[in-house]
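A.B. asks: show me the folded form of this:
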Amino acid sequence: MGRAKGIYCLEVGEWFGSLKKKTSVEPLLQLLEESPLRVPYIHRDIATYGELVFYLNKWTQAKHNDYPILYLAFHGEPGEIALAKQNGRTTYLSTEDLFSDLKGRCHKRIIHFGACSVLNIHGHTVNRYLRESCALAISGYTSYVDWVTSSAFDLLFLAELQSNQMTKSGALAVRKRIGQITPTLSQRLNFRMVIKR
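C.D. replies: Numbering: from 1, shown residues only. As a prediction, this is how the structure comes out:
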C-alpha cells in the first residue's frame with residue numbers, strides 16, 4: 001500500500017442554510033486519519049469563488065504533493081458546483097471554469113466531487129478536463145444523492161484510494177474494486193470515475 005495519500009478537502013460552509021447546523025464531512029476525514037490507514041487531511045470550509053481559488057492555488061503547490069486527492073464537498077448541478085455571492089445568495093461555478101483554473105496543475109492527482117449531479121456531463125468533456133488539468137482521474141455522481149448515503153460511499157472510496165499507486169493502473173484497480181465492494185450503492189448513487197487514457 002505504501003505511504004498514505006493525503007486528502008485535501010474543500011467543503012461548502014453551510015450545507016442546509018443555517019449556521020447553527022454542524023453538518024460536515026470532516027468526521028469522515030477524522031475517521032480515516034485515526035484508522036489504521038492513517039490518512040492525513042487538510043479541511044477548509046469555503047463559501048465564495050475567491051476562497052475556492054485561493055485554496056485550489058494552495059493545493060497545487062509542491063508543498064502539498066502529499067495531498068494528491070482533492071475532495072470537493074458541495075451542493076451541485078450537472079456541470080456546476082454551488083457557491084455563494086458576497087450577499088449570501090447562491091451562485092454556480094461551472095466545471096469548465098473550475099478546470100480552467102486547474103489547467104496543467106494536477107499531475108498524479110485525483111479530483112472527487114462529493115456533490116449531486118456534477119458529473120452528469122458528456123464523457124468527451126470529462127476526458128478534456130483530464131487532458132488539460134493533467135489529472136489522473138475525476139470522480140463523482142451523475143444524479144441527485146442523499147447526503148448520508150453519499151458520505152458513506154465517499155468514505156469507502158477515499159479509503160480504497162489508499163490501496164494503490166497514483167498511476168493509471170492503480171486508478172483502474174480502485175474503480176474495479178469499489179464496484180465489487182459496493183455494486184448496489186455505486187449504481188444507486190450513479191457513481192462515475194473517469195481515468196486518463
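A.B. asks: excluding covalently adjacent residues, which one is nearest to the spatially most central residue of the chain?
C.D. replies: Residue closest to the mean C-alpha point of the chain, counted by C-alpha atoms, centre = their mean, is residue 112 at 2.3 Å. Spatially, and ignoring its direct neighbours in sequence, residue 112 is nearest to residue 139 (4.7 Å; C-beta to C-beta, 6 or more residues apart in numbering). Just so you know, the C-beta spots here come from the backbone N, C-alpha and C atoms, and that holds for glycine as well.
A.B. asks: kindly report the same for residue 80.
C.D. replies: residue 92 (4.2 Å).
A.B. asks: next secondary structure after whatever helix or strand the one you found lives in?
C.D. replies: Taking DSSP states H and E as the criterion, residue 92 maps to strand 90-94. Going down the chain from strand 90-94, the next helix or strand is helix 95-101, by DSSP H and E.
A.B. asks: tell me how far that following helix lies from the chain's centre.
C.D. replies: Distance of helix 95-101 from the chain centroid (C-alpha atoms, centre = their mean, to the nearest Å) equals 14 Å.
A.B. asks: so what does that helix touch, helix or strand wise?
C.D. replies: If you count contacts as 3 or more C-beta pairs under 8 Å, 6 or more residues apart in numbering; DSSP states H and E, helix 95-101 packs onto helix 49-59, strand 80-84, helix 123-133.
A.B. asks: figure out which of the ones you listed is closest to residue 143.
C.D. replies: Closest approach to residue 143 among the helices and strands packed on helix 95-101 is made by strand 80-84 (14.2 Å; C-beta to C-beta).
A.B. asks: by contact count, what packs against the closest one?
C.D. replies: strand 90-94, helix 95-101.
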